[in-house]
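> the following block contains a protein sequence and its predicted model.
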Amino acid sequence: MATTLNRSFSELKRMLIAIALLLSFSLQSQSLTPVTDSKPVDFKISLAQWSLHRAFNTGSLNPTDFPEIATSYGIYSIELVNSFYKTKANDMAYWKTFKQKCEDANVNVGLIMCDGLGHLGDADAQKRQKTVENHFAWVDIAKYLGAHSIRVNAAGKGNSDEVALYVIDGLTKLGKYGASKGINIIVENHGGYSSNGAWLANVMENVNMENVGTLPDFGNFCMTRATNRNCLDEYDRYKGMTELMPFAKGVSAKSHDFDATGKETKSDFFKMMAIVKASGYKGYIGIEYEGRELSEDEGIKATKALLENVLAKL
């Protein structure tokens, strides 16, 4: 009797398993669309080359290797700095090799930060035009590399109204060349009048070109510095970000130092990213570490961890 009951129980168990499998197969066959996480990704992280400027300047890292270096951090979009390629502005053989390195590493170039090319707000019309033309090669390189923008500076001498007029002229001329190549011309708040959010927003409104915009930087709101580099006059960074984000075609997450919990000590990254999100911007957020408490390597990792934490909570 016991043997018969055990055999009957085993057969019932097998039958129940078979029924469960049949139901499972039936449900799968009726599901026309697999269940996946279809939530769109509004923000991705890129790496600004300036985060490693000391290593590149000392020669401990080679700028040519930047695509591969970025991947070591799990980052696949980079922002170049033209000062690391001063002799390469017209060397297309070099850029062919660099482009291949990007393709091999599965890395894209988002933008090129351009410095040392003159003042787009120069009071002298001929010098201003020369500055505009000095940027042409970098527009061409950006186009070749598949970048969307070059970052420029809005600098000049004179009072705020005068410099604004000169910058508007310079940006308009450069913007026309950029448009002919499908490249954006974007201005960072980068000291002087440009770190005044209202001033730069007014410049953008007056240029009024689709391919001319801003690269709002979390930390570059110092308008006047002392000779020891201490800031004497700083614009409210949250107000400035709010004013610049409507024109943004990129965002720079500037970081310096971190507290024991991993938060940046000068900028509230959550507050900053809330402003970015509220503006409707979607795209890359560039890590730009400039601190000295941590090594450049550690600073990049700390900034990335903070950004990832903030983005997960937005």
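Perfect, thanks for sending it. Numbers count the residues shown, from 1 in each chain.
> quick one: low-confidence parts of this protein?
Scanning the chain for pLDDT under 70 picks out the ranges 1-40.
> now the helices: where do they sit in it?
2-30, 53-58, 66-71, 92-105, 125-134, 136-145, 160-181, 197-207, 237-244, 269-278, 296-313 (DSSP state H).
> need these in CSV (columns: distance to His119).
Yep, even glycine has a C-beta here, placed from its N, CA and C like the rest. Below are these laid out as CSV (distance: least, CB to CB, whole Å):
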stretch, distance to His119
helix 2-30, 65
helix 53-58, 22
helix 66-71, 27
helix 92-105, 26
helix 125-134, 6
helix 136-145, 16
helix 160-181, 8
helix 197-207, 14
helix 237-244, 20
helix 269-278, 29
helix 296-313, 29
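> so which of those helices comes closest to Asn228?
Of all the helices of the chain, it is helix 53-58 that lies closest to Asn228, at 19.5 Å by CB to CB.
> got the buried residues for that closest one?
For helix 53-58, the neighbour count (16 or more other CB atoms under 10 Å) marks His53, Ala55, Phe56 as buried.
> with respect to Thr87, which of those is nearest?
Among the buried residues of helix 53-58, Phe56 lies closest to Thr87 (CB to CB), at 14.1 Å.
> re the thing from before, out of the helices of the chain, flag the one nearest Gly219.
Of all the helices of the chain, helix 237-244 comes closest under CB to CB, at 7.0 Å.
> CA-only coordinates of the closest one, as CSV, when you get a sec.
Output in CSV follows, covering the C-alpha atoms of helix 237-244 (Å, rounded to 0.1, in the frame of the first residue of the first chain):
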residue,chain,number,x,y,z
ARG,A,237,26.6,79.4,-9.7
TYR,A,238,23.1,78.1,-9.4
LYS,A,239,21.6,81.3,-10.8
GLY,A,240,24.3,81.2,-13.6
MET,A,241,23.5,77.6,-14.5
THR,A,242,19.8,78.4,-14.7
GLU,A,243,20.5,81.4,-17.0
LEU,A,244,22.9,79.4,-19.3
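> quick one: contacts for Asp233?
Cys222, Met223, Thr224 (CB atoms under 8 Å, 6 or more residues apart in numbering).
> 10 Å - rerun?
For Asp233, the contacting residues are Ser195, Asn196, Phe221, Cys222, Met223, Thr224, Arg225, by CB atoms under 10 Å, 6 or more residues apart in numbering.
> tell me the bridge partners for Val109.
Ile78 (DSSP bridges).
> and the gap between it and Leu171?
22 Å (CB to CB, to the nearest Å).
> which one of the two is surrounded by more residues?
Remark: of Val109 and Leu171, Leu171 carries more neighbours, 25 against 22, as counted by other CB atoms under 10 Å.
> where's the closest residue in space to that one that isn't next to it in sequence relative to Cys102, distance?
Leaving aside its chain neighbours, Leu171 sits nearest to Val207 (5.0 Å; criterion: CB to CB, 6 or more residues apart in numbering). According to CB to CB, Val207 stands 31 Å off from Cys102.
> again, but for His53
According to CB to CB, His53 stands 20 Å off from Cys102.
> share the number of residues neighbouring Leu52, please.
By other CB under 10 Å, the residues close to Leu52 number 23.
> run a quick neighbour tally on the closest residue in space to it that isn't next to it in sequence.
Leaving aside its sequence neighbours, Leu52 sits nearest to Glu296 (CB to CB, 6+ apart; 5.1 Å). When neighbours are defined as other CB under 10 Å, Glu296 has 20 of them.
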